[in-house]
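*Asks:* sharing a model prediction with you, sequence too.
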Amino acid sequence: VVVADVSTATPIELLRIAVSQGADLAKIERLMDLQDRWEANQARKAFAAAMAEFKKTAPQIVKDTHVSFQNKAGTLTEYDHASLFAVCDAIIAGLAEVGISHRWVPRQTGNKIEITCVLTHVAGHSESTTMESGPDDSGGKNSIQAIGSAKSYLERYTLLGATGLATKEMDDDGRGTTGKAETINERQIADLVALG
């Protein structure tokens, strides 16, 4: 193999030259290591370019689910959130268009549930986001439901975190014209008090 300018040759081209010239095993191994690092760097760049392309037309994720239950203190807890389906439906197609797939890796240690969302580009580079929590036993869930609820929550938020996206406030479908005053929930009150 003849390469006009060795300084611009890729590691695989240098490896071919070394093999054709009868290089020793140590040199070939060093060139193979260099090729591995070069490929990993190229894959990382491809992943970054794909994510930049994804962000150009990032989907809007609407809070499509309303939750209302009596908490342990005996008061009513209410909030809106984006369901796992809404998050996946909005994000997965956009990621696929730029060559990125996702998967979740669950792990449970004692009372802790850990979910890792892994984004992988077709070129081979992967990046991950991990969150953990205890079971979500709010609203009188049994132990299996509490684990499932926490798992769903962690899957939603690790996918959002891995893609750098956030949910959009849900449209009120015209209810704002009824004159009903907007209220804030307990969590929002606690956040405001903390800013104190």
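*Replies:* Now that the structure is in, tell me what you want to look at.
*Asks:* what about the longest helix in this structure?
*Replies:* helix 25-56 (DSSP state H).
*Asks:* how far out from the middle of the chain is that helix?
*Replies:* From the chain centre to the centre of helix 25-56 is a distance of 21 Å (CA atoms, centre = their mean, to the nearest Å).
*Asks:* repeat that for stretch 74-82.
*Replies:* The answer for stretch 74-82 is 25 Å, by CA atoms, centre = their mean.
*Asks:* what's next to the helix or strand following the longest helix of the chain, contact-wise?
*Replies:* Next helix or strand after helix 25-56 toward the C-terminus (DSSP states H and E): strand 61-62. With contact meaning CB atoms under 8 Å, 6 or more residues apart in numbering, strand 61-62 is reached by A82, A86, V87, A90, I91, L160, L165, A166, T167, K168, M170, D171. From N, CA and C alone the C-beta is placed, and that goes for glycine too.
*Asks:* which stretches of this protein aren't confidently modelled?
*Replies:* In the predicted model, the chain carries pLDDT under 70 at residues 1-9, 11, 14-15, 169-196.
*Asks:* quick one: the strands in it?
*Replies:* 61-62, 65-70, 76-81, 100-109, 112-121, 126-133, 167-168 (DSSP state E).
*Asks:* quick one on the thing from earlier: so the longest helix of the chain versus strand 126-133, what angle?
*Replies:* 60 degrees (axes from the mean of the first three to the mean of the last three CA atoms, to 10 degrees).
*Asks:* which other helices and strands contact helix 25-56?
*Replies:* In terms of contacts (3 or more CB pairs under 8 Å, 6 or more residues apart in numbering; DSSP states H and E), helix 25-56 is packed against helix 11-20, helix 84-97, strand 100-109, strand 112-121.
*Asks:* tell me the buried residues in that helix?
*Replies:* By neighbour count with 16 or more other CB atoms under 10 Å, helix 25-56 contains the buried residues L31, Q35, E39, A43, R44, A46, F47, A50, M51, F54.
*Asks:* that concludes my questions; thank you for your assistance.
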